[in-house]
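Colleague: fold the following for me, if possible:
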Amino acid sequence: MLGLWSLHAPYYLLLLALLTTLVFALPIFCMPLVWARLMGWTIPTHRDLAVYFGRCLGAFILILEAMMLRAALTGEAIHVVFEMLVAVAVMMIIVHVYGALRRIQPLSETLEIGFYIGLLLLTLLFWPAT
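Modeller: Numbering: from 1, shown residues only. Modelled structure (predicted):
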């Protein structure tokens, strides 16, 4: 399974970077509480810390997006980017399963478990050839 579609690895990164930038990175970075409300979170009275953490998370996602874009367009560090995507997917599965088991997150976050499992499988299928 590893690298079954490796020929198309740059196209996968390009599409993934575009979609996740528009759906996750920019909304979380620019308007974290609006994004949180849309995802079903209850917004606390004291919001500064939530905004700060949201913007920090958005900034890190944007860094990964830029690395995916560079790897997709130039091939530079493509293996490192794929390794990072696997790490992100695995860690986000753990985070979302934990939240689901503790019942401390909205349904939208629990449904993201499937998204991250799919991301992990697709990343492995598009793994670039060595």
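
Colleague: chain center to stretch 43-59: distance?
Modeller: 18 Å (Cα atoms, centre = their mean, to the nearest Å).

Colleague: er, stretch 10-17 I mean
Modeller: In terms of Cα atoms, centre = their mean, the centre of stretch 10-17 is found 13 Å from the chain centre.

Colleague: ok, now stretch 81-99?
Modeller: Centre-to-centre, stretch 81-99 and its host chain are 8 Å apart (Cα atoms, centre = their mean).

Colleague: this protein: helices as residue ranges?
Modeller: All helices of the chain, identified by DSSP state H, fall at 9-20, 26-30, 32-38, 48-74, 78-102, 107-125.

Colleague: including distance to G3, mean pLDDT and mean neighbour count, could the ones you listed go into a markdown table?
Modeller: Quick note: C-beta positions are derived from backbone N, CA and C, even for glycine. Formatted as a markdown table, the helices of the chain follow (distance: least, Cβ to Cβ, whole Å; pLDDT from 0 to 100; neighbours: other Cβ atoms under 10 Å):
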| stretch | distance to G3 | mean pLDDT | mean neighbour count |
| --- | --- | --- | --- |
| helix 9-20 | 8 | 97 | 18 |
| helix 26-30 | 30 | 96 | 18 |
| helix 32-38 | 34 | 94 | 16 |
| helix 48-74 | 15 | 96 | 16 |
| helix 78-102 | 9 | 98 | 15 |
| helix 107-125 | 8 | 97 | 15 |
